[in-house]
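below is the sequence, then the predicted model.
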Amino acid sequence: PAEVGDVLRGALNKVSDTNIDATSDAICAAYARFPANDVHAFVSSHMRETCVHGAQNMEALVPPYAAVMAAADTKGGRELGAHVLEALLPDLESEGKRRGT
C-alpha cells in the first residue's frame, strides 16, 4: 500500500468541489496499477485520517470526499464507496454510542 500512497496522496490531499473528476480519475487509474484491495485500503485510511481523526475538524471535506467516492464508483471504482463505508463503520458506531443513538 505504500506505493499506492505515493500515487494517490497528492490527489487526495487536494480534494475539493472543483476537482472531483480529476481525483476520481486518479483513483480509477490506480486500479490499473495496484491490487484493488490496496487501493481500497489506502483511500479508506486516508479519508478516515483526514475527515475523522485529523488534528482539526474537517467536516467540510466530507461532501467532496463522498462525491469523489461516488464518481470513482461510477467510473469503475470497484465498489470503493462500500469499502470506505465499511472501514468507517467502527467510527460511525462509536459516534452513535457517544451520542446515545
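It's in.

which strands and helices sit next to the helix or strand where Ala66 lies?
Element membership for Ala66 (DSSP states H and E) is helix 62-74. For helix 62-74, the helices and strands in contact under the criterion 3 or more C-beta pairs under 8 Å, 6 or more residues apart in numbering; DSSP states H and E are helix 20-33, helix 36-47, helix 80-99. In short, each C-beta sits where N, CA and C put it, glycine included.

change it to 10 Å
helix 2-13, helix 20-33, helix 36-47, helix 80-99 (3 or more C-beta pairs under 10 Å, 6 or more residues apart in numbering; DSSP states H and E).

looking at these, which is buried most?
When the helices and strands packed on helix 62-74 are scored by mean count of other C-beta atoms under 10 Å, the highest mean neighbour count falls to helix 36-47 (a mean of 20).

alpha carbons of that one, in PDB - could you do that?
Output in PDB follows, covering the C-alpha atoms of helix 36-47 (Å, rounded to 0.1, in the frame of the first residue of the first chain):
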ATOM      1  CA  ALA A  36      -8.000  -3.300  -5.700                       C
ATOM      2  CA  ASN A  37      -7.700  -4.100  -2.000                       C
ATOM      3  CA  ASP A  38      -4.600  -1.900  -1.700                       C
ATOM      4  CA  VAL A  39      -6.400   1.000  -3.400                       C
ATOM      5  CA  HIS A  40      -9.400   0.500  -1.100                       C
ATOM      6  CA  ALA A  41      -7.200   0.300   2.000                       C
ATOM      7  CA  PHE A  42      -5.300   3.400   1.200                       C
ATOM      8  CA  VAL A  43      -8.300   5.600   0.200                       C
ATOM      9  CA  SER A  44     -10.300   4.400   3.200                       C
ATOM     10  CA  SER A  45      -7.400   5.000   5.600                       C
ATOM     11  CA  HIS A  46      -6.600   8.400   4.100                       C
ATOM     12  CA  MET A  47     -10.300   9.500   4.300                       C
END
